[in-house]
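Peer 1: Got a sequence here, can you build the structure:
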Amino acid sequence: MDPEVAGGPDDGVRRAIEAILMVAVDPVEPNLLAQLLEMPTRRVEAVCDGLADWYEAEGRGFALVRVGGGYRFQSHPDQASWVERFVLEGQHSRLTAAALETLAIVAYKQPISRAQVSAIRGVDVDTVIRTLAQRGYIEEVSRDPGPGNALMFGTTREFLVRMGIDRLADLPSLGDFVPGPEVVEALERGLLAGPDVVDAEVPVDDRS
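Peer 2: Down below sits the predicted model:
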């Protein structure tokens, strides 16, 4: 066992943090831990980071991660296959493709109105928006100052927790999903020249 983690002067602090996080339902913010343990927030963060590194070095099946602005225990990503076997198929209802598309639009374009989401997707999204709000993934964050004062939606802390990220800036860049300039150029040439050229130069995987 790492002497820096167990048996040292901070051993009581580490054990207290482990105990609190073990019973917590939601991620616990470091400033709350600091208040409970009566110590600076930076010290709490350092202890949590040290624990996280130790668990990783020990090859534990769980990890201490920072998500949604707080710390929590969760299963290690490389144990996902075993966790999936444990969780019965269909035990939890999954989001539909339409819901996932809508959630992605809200996440990257927030704050955004229901009408704006509908315009992007090309379909009515009232039911999907309602479902996402009921699941706690999105919420009303403001009103559009323009005509109609439409409700504007944004993602919630629960969304961050479910995504396993600490803040919206941790979302993958949209550039990762955009085709490279050579693909775009080939598509443009094909569109200008006709469908035969498109088929010849750019094999299109029709998965829409």
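Peer 1: Only C-alpha atoms from now on, for both contacts and neighbour counts.
Peer 2: Will do.
Peer 1: so what's the most centrally placed residue in the chain scoring on pLDDT?
Peer 2: By CA atoms, centre = their mean, the chain has its centre lying nearest to residue 163, at 2.2 Å. We have a pLDDT of 86 for residue 163.
Peer 1: Please report how far it lies from residue 22.
Peer 2: Per CA to CA, to the nearest Å, residue 163 is found 20 Å from residue 22.
Peer 1: Next: residue 131.
Peer 2: 30 Å.
Peer 1: now residue 96
Peer 2: Taking CA to CA, one finds residue 96 at 32 Å from residue 22.
Peer 1: need the contact list for residue 24.
Peer 2: residue 72 (CA atoms under 8 Å, 6 or more residues apart in numbering).
Peer 1: ok so, going back, neighbour count for residue 131 and residue 22, which is higher?
Peer 2: residue 131 (15 against 12; other CA atoms under 10 Å).
Peer 1: Can you say which helix or strand has the more buried one in it?
Peer 2: For residue 131, the element it lies in under DSSP states H and E is helix 126-135.
Peer 1: So what touches that helix?
Peer 2: 98-99, 102-103, 114, 138-139.
Peer 1: Would you write out the ChimeraX command that picks the buried residues out of these?
Peer 2: Buried residues among these (16 or more other CA atoms under 10 Å), as a ChimeraX selection:
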select :99,102,103,114,138,139
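Peer 1: May I ask which two of the contacts of helix 126-135 are separated the most?
Peer 2: 98 and 139 (17.7 Å; CA to CA).
Peer 1: Break this structure into its domains for me.
Peer 2: 11-82, 97-175, 179-208 (automatic domain parsing).
Peer 1: Mean confidence (pLDDT) on the first one, please.
Peer 2: Which is domain 11-82. Averaged across domain 11-82, pLDDT comes to 93.
Peer 1: Quick one: end-to-end distance for that domain.
Peer 2: First-to-last distance for domain 11-82 - CA to CA - comes to 31 Å.
Peer 1: Please compute how far that domain lies from its chain's middle.
Peer 2: Taking CA atoms, centre = their mean, to the nearest Å, the mean C-alpha location of domain 11-82 is offset from the chain mean by 18 Å.
Peer 1: Show me where this structure has its helices.
Peer 2: 11-23, 30-37, 41-58, 80-86, 97-109, 114-121, 126-135, 157-163, 181-193, 195-201 (DSSP state H).
Peer 1: Mind checking these for the one nearest to residue 174?
Peer 2: Using CA to CA, the nearest of the helices of the chain to residue 174 is helix 97-109, at 8.3 Å.
Peer 1: Show me what that closest one is packed against.
Peer 2: helix 114-121, helix 126-135, strand 151-155 (3 or more CA pairs under 8 Å, 6 or more residues apart in numbering; DSSP states H and E).
Peer 1: what does it contact?
Peer 2: 112, 117, 121, 125, 128-129, 131-132, 137-138, 153-155, 168.
Peer 1: For that helix, the averaged confidence score.
Peer 2: 90.
Peer 1: Okay, angle between it and helix 126-135 too, please.
Peer 2: Relative orientation of helix 97-109 and helix 126-135, computed by axes from the mean of the first three to the mean of the last three CA atoms, to 10 degrees: 70 degrees.
Peer 1: Tell me what angle helix 97-109 forms with strand 151-155.
Peer 2: Using the same axes, to 10 degrees: helix 97-109 against strand 151-155 is 90 degrees.
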